[in-house]
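# fold the stuff below for me.
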Amino acid sequence: LAYLESLPGKRPGIILMHEFGVWVNPWIGSPLFKQLVADGYICLTFFFRGHGTSTPVDDLMDLLNNRNLIAEDLKTAVAYMNAHEKVSPGELGLIGGSMGATMALAGNGYEEVLTSVALSPVRDGVFVLFPDMTLNSAYYLVGELDIAGNPAIDFLLEAQNLYEITEGPRKLNNILGTAEHGTNLLSRDSLRTSVQEWFHELLPLVDP
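Numbers count the residues shown, from 1 in each chain. Below you'll find the model as predicted:
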């Protein structure tokens, strides 16, 4: 959890979620995380169970076969942030890469969440968790050539399909000529800035 101690009153919160199988959380110390904190957001990143220093699991693949387990981690993170003394209740944003993108979109169904940013998302993962949910507001970023080592998944097509069914404010950014996946897309300054601007628009900071 990170925020500027000097900020008065309550501020919107942002939860940043990592990819499957990582042992070092790519958000910790990342330029975007630092930028969002400097802007005045209350930011949280954490390890899903079975990753990094979190609660171990017997088989990491169980998290893909039973996504309700990581959905519980998201639910806990949303509840924690919404109740935090520094966070404005009902003013949360989510961002994630790959598995974290699935969770960022799944969390779009919570009333506390105003918008989501999804880096290399997959449609099926979202609706396995919440088959009847409505995508209210989301920004999709995807590499044009991204198959993430799995030719069976066309991440650009997945993002396009999700974009088409998003009912509220939406944006699709197809990054031409790259196979970069998930949080690796944010190695580009222009894309980090576009995410920052999206949160400023959909999760505005208002001084008390």
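# buried stuff in stretch 93-111?
For stretch 93-111, a neighbour-count test (16 or more other Cβ atoms under 10 Å) marks 93-110 as buried. C-betas here are computed from N, CA, C, even on glycine.
# quick check: which ranges of the protein have low pLDDT?
Along the chain, the model assigns pLDDT under 70 to residues 148-151, 207-208.
# centroid-nearest residue for it?
Of all residues in the chain, the one closest to the mean position by Cα atoms, centre = their mean is residue 95, 1.9 Å from it.
# how distant is the helix or strand that residue falls within from the center of its chain?
Following DSSP states H and E, one finds residue 95 within strand 87-97. On the basis of Cα atoms, centre = their mean, to the nearest Å, strand 87-97 sits 9 Å off its chain's mean C-alpha point.
# quick one: list the elements packing against it.
Contacts defined by 3 or more Cβ pairs under 8 Å, 6 or more residues apart in numbering; DSSP states H and E place strand 87-97 against strand 11-17, helix 68-83, helix 99-106, strand 113-119, helix 189-202.
# go again with 6 Å.
If you count contacts as 3 or more Cβ pairs under 6 Å, 6 or more residues apart in numbering; DSSP states H and E, strand 87-97 packs onto strand 11-17, helix 68-83, helix 99-106, strand 113-119.
# in which helix or strand would I find residue 19?
Per DSSP H and E, residue 19 falls between elements, in no helix or strand.
# just give me the neighbour total for it.
22 (other Cβ atoms under 10 Å).
# how much space between it and residue 111?
Note on residue 19: its distance to residue 111, by Cβ to Cβ, to the nearest Å, is 27 Å.
# ditto for residue 11
Counting by Cβ to Cβ, the gap from residue 11 to residue 111 is 19 Å.
# same check, this time on residue 121
For residue 121, the distance to residue 111 (Cβ to Cβ) stands at 21 Å.
# again with residue 16
Applying Cβ to Cβ, the value for residue 16 to residue 111 is 20 Å.
# likewise for residue 193?
In this structure, residue 193 and residue 111 are 29 Å apart, going by Cβ to Cβ.
# residue 86 now?
Residue 86 is 20 Å from residue 111, where distance means Cβ to Cβ.
# also residue 21?
31 Å.
# which residues does the residue nearest to the centre of the chain bridge with?
Beta bridges link residue 95 to residue 16, residue 117, judged by DSSP bridges.
# which residues touch it?
By Cβ atoms under 6 Å, 6 or more residues apart in numbering, residue 95 lies in contact with 16, 104, 117.
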